[in-house]
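*Asks:* What shape does this take:
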Amino acid sequence: MRSQSTYVHLRGFNLVEAAIVLGVIGLVIGGIWVAASSVQSSMRVNQLTTDITTIRARTDQIISVPQYAGVSTTLVDVDGSGGPGLNMAIFPDTWIQGNYAINPFGGRTSMSIISMPTHGSVLM
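*Replies:* Purely as a prediction, here's the structure:
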């Protein structure tokens with residue numbers, strides 16, 4: 001005689017359960033996406049702060065040279081004509097694109113220096 005086998009009926013997810021699982025997965029991925037973009041923006045701002053500190057230090061070095069005391073000049077112009085600032089290593093290399101200084105947010109950067117004469121220097 002044959003033994004009677006019993007079949008176990010496996011139950012899968014119904015449509016509502018599947019929708020809830022997909023919704024939870026979407027929320028988790030969305031949270032990770034927001035956190036990652038926030039971290040990326042924060043890193044970009046920190047890098048920009050470092051770049052501006054470097055630009056200021058390099059500019060101060062140029063102004064401290066006696067021959068530049070009291071000089072007013074445009075180091076970099078936004079019209080693409082370049083300027084001496086592009087060749088003076090004032091801006092980080094990552095900012096230089098052709099005749100432009102492009103900041104990390106994609107904008108063109110213009111820079112002018114107006115330095116005051118130091119004690120003992122003569123304006124010409």
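*Asks:* Name all residues that make contact with residue 89.
*Replies:* residue 58 (C-beta atoms under 8 Å, 6 or more residues apart in numbering). C-beta here means a position set from N, CA and C on the backbone, and glycine is covered the same way.
*Asks:* Just say helix, strand or coil for it.
*Replies:* coil (DSSP: H, G, I helix; E, B strand; the rest coil).
*Asks:* In the chain, mark out all the strands, start to finish.
*Replies:* Listed in chain order, the strands of the chain (DSSP state E) span 72-76, 96-97, 100-101, 111-114.
*Asks:* Report the mean confidence score over the first one.
*Replies:* When you say that, I think you mean strand 72-76. Averaged over strand 72-76, pLDDT sits at 67.
*Asks:* same question, the third one
*Replies:* The predicted model assigns strand 100-101 a mean pLDDT of 80.
*Asks:* That strand pairs with which strands?
*Replies:* strand 96-97 (antiparallel) (DSSP bridges).
*Asks:* low pLDDT regions in the protein?
*Replies:* The chain contains residues with pLDDT under 70 at 1-10, 65-86, 113-124.
*Asks:* need the helices for it, in chain order.
*Replies:* For the chain, helices defined by DSSP state H occupy the ranges 15-64.
*Asks:* Can you tell me how far the residue nearest to residue 44 when sequence neighbours are not counted is from residue 46?
*Replies:* Spatial nearest neighbour of residue 44, chain neighbours left out: residue 104 (5.7 Å); criterion: C-beta to C-beta, 6 or more residues apart in numbering. Residue 104 is 11 Å from residue 46, where distance means C-beta to C-beta, to the nearest Å.
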